[in-house]
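Asker: here is a sequence with its predicted model. Questions after.
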Amino acid sequence: MTQAGHQFHPSVLREYDIRGVVEKTLGVADARAIGMAYGTKIRRAGGNVIALGFDGRLSSPELATALAEGLVSVGIQVKRVGLGPTPMLYFAIKHLYADAGIMVTGSHNPPDHNGFKMALYGGPVYGDAIQAIGAIARSGDFESGEGTIEDIDIRDIYVDRLLQDYIGTRDLKIVWDAGNGATGDILRRMTAKLPGKHILLFDEIDGKFPNHHPDPTVPENLVDLQRAVAEHGADIGIGFDGDGDRIGAIDGTGRIVWGDQLLAIYAREVLATRPGAIIIADVKASQVLFDEITRLGGTPLMFKTGHSLIKAKMAETGSPLAGEMSGHIFFADKWYGFDDALYCGIRLASLVSRSDQSLAQIVDTLPTVFNTPETRFEVEAARKFQVIVEVKERLAKIPGIKVNDIDGVRVNTPDGWWLARASNTQEVLVARAESSSLAGLDRLKAQLVAELGLSGIAPPEGF
Ligand SMILES: [Zn+2]
């Protein structure tokens with residue numbers, strides 16, 4: 001049935017999700033059109049059941065209502081699971097055997113932002129598939145039909161499934177920080193049943209995020225968690241992003257345990273039961289992680305940054321564990337292969353509880369290296385991919401230099417490595433360097449700055 005087509009703001013259909021500023025670039029009319037177009041796409045692929053969830057943002061309920069109207073108008077059976085984290089929606093798709101799911105969420109973005117993450121039963125929806133939804137909406141060529149809406153409360157089923165993989169021996173004291181994001185309610189239910197002592201921070205769901213921004217990979221957002229870990233003498237601190245698909249962690253001494261370190265720790269447990277398994281990490285991850293996977297008898301695979309890309313690669317290679325520096329960590333070992341930070345929290349608590357070492361002692365067993373954080377170099381949108389091509393061409397002329405170009409350039413030298421890649425989501429080049437010595441790190445940073453400088457890109461102040 002052809003109706004009037006719908007035009008989205010040009011900035012909202014992105015690589016991994018649909019996202020915008022509410023009432024400026026994204027509103028209820030867009031949500032309805034997304035429902036009609038996504039529903040049409042799923043029906044044409046032979047499906048008719050879509051699970052729907054939403055996060056704790058102020059604009060989420062009305063966007064979810066409009067989205068459901070759109071889905072129903074093209075003949076979809078909508079299973080509404082209500083307010084909760086994104087991974088609960090992913091779980092609902094699996095648990096309910098839905099053909100697909102859609103989550104209204106602005107993830108860790110500012111309060112006035114919102115958006116939509118989509119998944120099929122078998123994996124993520126991203127890239128061309130998101131563009132295809134835009135094309136269906138523009139054409140107005142929607143399916144017709146009369147769908148249904150059913151409300152399903154899966155919270156306790158989800159919590160029980162999370163807890164099923166906790167196998168602890170000694171009780172721990174854990175501080176959990178929901179950052180007023182969508183994990184709060186599930187976190188309360190989960191910790192009430194989890195052995196040990198649990199201290200919850202900011203577990204009231206509040207779309208204004210009054211305490212700190214819900215992004216646990218930014219050190220300033222972890223200050224409250226570090227303070228609470230110290231105050232309570234806790235074993236571990238665990239933080240979540242706004243929609244619960246990214247984890248941040250603190251050890252008992254207050255140190256941040258970064259995404260690649262967590263992955264190295266999880267890899268020990270996973271490889272113990274799955275010798276030789278492929279473990280995937282993005283190009284920003286430390287060499288320590290890849291070396292550790294090899295040392296443990298696993299097969300390290302360095303892949304492109306982007307949670308949807310990694311999820312798809314995992315399914316393709318049969319990998320039981322994958323992750324990103326950004327805190328998206330994916331277990332297909334005992335779990336479903338999607339990024340669930342609550343589940344990652346359970347697995348971390350479980351393995352520390354069974355260990356005779358503290359989390360800090362476990363982290364200390366990893367080799368020490370010196371590295372920069374992820375650093376953003378500003379670049380014009382039109383130039384960002386071209387700059388990487390230029391750098392790659394220049395490096396190719398230098399004899400003996402080893403470059404991995406799976407995503408940007410990751411350059412190996414006797415000092416260590418440096419990385420420059422174009423961000424898919426921002427107008428920046430993301431850079432990082434890592435060495436076993438401080439002098440080596442300085443040399444790598446100088447090389448990186450010189451290479452980008454040849455393409456007219458200046459480093460941020462203080463790099
Ligand atoms: Zn998120």
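Answerer: Alright, I've got the coordinates.
Asker: grab the nearest non-local neighbour of the residue of the chain found nearest the ion.
Answerer: Closest approach between the chain and the ion, counting by C-beta to the ion: S107, at 3.6 Å. For glycine as for every other residue, the C-beta is placed from the backbone atoms N, C-alpha and C. Leaving aside its sequence neighbours, S107 sits nearest to D243 (C-beta to C-beta, 6 or more residues apart in numbering; 5.0 Å).
Asker: now do K79
Answerer: Beyond its immediate neighbours in the sequence, the residue positioned closest to K79 (C-beta to C-beta, 6+ apart) is A51, lying 4.7 Å away.
Asker: pretty sure that neighbour contacts L89?
Answerer: Yes. Using C-beta atoms under 8 Å as the test, A51 is close enough to L89 to be in contact (6.1 Å).
Asker: now do the shared contacts for the two.
Answerer: Taking C-beta atoms under 8 Å, 6 or more residues apart in numbering as the contact rule, A51 and L89 both touch 81, 101-102.
Asker: and for T413, the neighbour number?
Answerer: Taking other C-beta atoms under 10 Å as the neighbour definition, T413 ends up with a count of 16.
Asker: wait, it sits on I398?
Answerer: No. The pair T413 / I398 is not scored as a contact, 10.2 Å apart, by C-beta under 8 Å.
Asker: R43 in helix, strand or coil?
Answerer: helix (DSSP: H, G, I helix; E, B strand; the rest coil).
Asker: what residues are up against it?
Answerer: By C-beta under 8 Å, 6+ apart, the contact list for R43 reads 74-76, 143, 145.
Asker: quick one: which of those residues is most hemmed in?
Answerer: Counting neighbours by other C-beta under 10 Å, the top entry in these is I76, with 30 neighbours.
Asker: list the contacts of L309.
Answerer: Contacts here follow C-beta under 8 Å, 6+ apart; on that basis L309 touches 126, 303.
Asker: what helix or strand does it sit in?
Answerer: helix 307-317 (DSSP states H and E).
Asker: can you get me a residue count around M314?
Answerer: Residues within reach of M314, counting by other C-beta under 10 Å, total 25.
Asker: so it sits against F331, correct?
Answerer: No. Taking contacts as C-beta under 8 Å, M314 lies outside contact range of F331: 9.8 Å.
Asker: joint contacts of these two?
Answerer: Applying C-beta under 8 Å, 6+ apart, one finds that M314 and F331 are jointly contacted by G337.
Asker: can you list the buried residues in stretch 97-110?
Answerer: Of the residues in stretch 97-110, those with enough neighbours to count as buried (16 or more other C-beta atoms under 10 Å) are 98-109.
Asker: try stretch 197-208
Answerer: Taking 16+ other C-beta under 10 Å as the basis for neighbour counts, the residues of stretch 197-208 that come out buried are 198-203, 205-207.
Asker: cool, stretch 156-174 as well?
Answerer: Buried residues in stretch 156-174, defined by neighbour count with 16+ other C-beta under 10 Å: 158-159, 161-163, 166, 168, 172, 174.
Asker: mind checking which of these land in strands?
Answerer: Counted as lying in strands by DSSP state E, out of the buried residues of stretch 156-174, are I174.
Asker: in the buried residues of stretch 156-174, find the pair that's most separated.
Answerer: Across the buried residues of stretch 156-174, no pair lies farther apart than Y158 and L172, at 22.1 Å, counting by C-beta to C-beta.
Asker: tell me the pLDDT of M1.
Answerer: Reported pLDDT at M1 in the predicted model: 69.
Asker: one step back: toward the C-terminus, what is the element adjacent to the helix holding L309?
Answerer: Past helix 307-317, further along toward the C-terminus, the next helix or strand under DSSP H and E is strand 321-323.
Asker: could you dump the contacts of R43 into JSON lines with distance to A135 and pLDDT added?
Answerer: Shown next, in JSON lines, are those (distance: C-beta to C-beta, whole Å; pLDDT from 0 to 100):
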{"residue": "V74", "distance to A135": "15", "pLDDT": "98"}
{"residue": "G75", "distance to A135": "20", "pLDDT": "98"}
{"residue": "I76", "distance to A135": "19", "pLDDT": "98"}
{"residue": "E143", "distance to A135": "15", "pLDDT": "97"}
{"residue": "G145", "distance to A135": "20", "pLDDT": "96"}
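Asker: between the residues you listed, which sits nearest R227?
Answerer: When the contacts of R43 are compared against R227 (criterion: C-beta to C-beta), the nearest one is I76, at 46.3 Å.
Asker: find the helix or strand that L67 is a member of.
Answerer: Using DSSP H and E, L67 falls in helix 60-73.
Asker: would you put the C-alpha positions of that helix in CSV?
Answerer: Extracted as CSV, the C-alpha positions of helix 60-73 are listed here (Å, rounded to 0.1, in the frame of the first residue of the first chain):
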residue,chain,number,x,y,z
SER,A,60,11.0,7.6,25.3
PRO,A,61,7.4,6.6,26.2
GLU,A,62,5.8,8.8,23.5
LEU,A,63,8.3,7.7,20.9
ALA,A,64,7.6,4.1,21.8
THR,A,65,3.8,4.7,21.5
ALA,A,66,4.2,6.2,18.0
LEU,A,67,6.6,3.5,17.0
ALA,A,68,4.1,0.8,18.1
GLU,A,69,1.3,2.6,16.1
GLY,A,70,3.4,2.5,13.0
LEU,A,71,4.3,-1.2,13.5
VAL,A,72,0.6,-2.2,14.1
SER,A,73,-0.5,-0.3,11.0
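Asker: and that helix, how far out from the chain's middle?
Answerer: Using C-alpha atoms, centre = their mean, to the nearest Å, the mean C-alpha position of helix 60-73 is found 25 Å from that of the whole chain.
Asker: which other helices and strands contact the helix or strand just after it?
Answerer: Towards the C-terminus, the helix or strand next in line after helix 60-73, according to DSSP H and E, is strand 77-83. Counting by 3 or more C-beta pairs under 8 Å, 6 or more residues apart in numbering; DSSP states H and E, the packing neighbours recorded for strand 77-83 are strand 49-54, helix 60-73, helix 86-95, strand 148-151.
Asker: make it 6 Å
Answerer: Where contact means 3 or more C-beta pairs under 6 Å, 6 or more residues apart in numbering; DSSP states H and E, strand 77-83 is packed against strand 49-54, strand 148-151.
Asker: got a markdown table for those, with mean neighbour count too?
Answerer: Listed next are these as a markdown table, based on neighbours: other C-beta atoms under 10 Å:
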| stretch | mean neighbour count |
| --- | --- |
| strand 49-54 | 27 |
| strand 148-151 | 12 |
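Asker: so which of the ones you listed gets nearest K117?
Answerer: Taking C-beta to C-beta as the criterion, strand 49-54 is the member of the helices and strands packed on strand 77-83 that comes nearest to K117, at 9.5 Å.
Asker: partners of the closest one, with directions?
Answerer: Each strand that pairs with strand 49-54, with its direction, by DSSP bridges: strand 77-83 (parallel), strand 100-104 (parallel).
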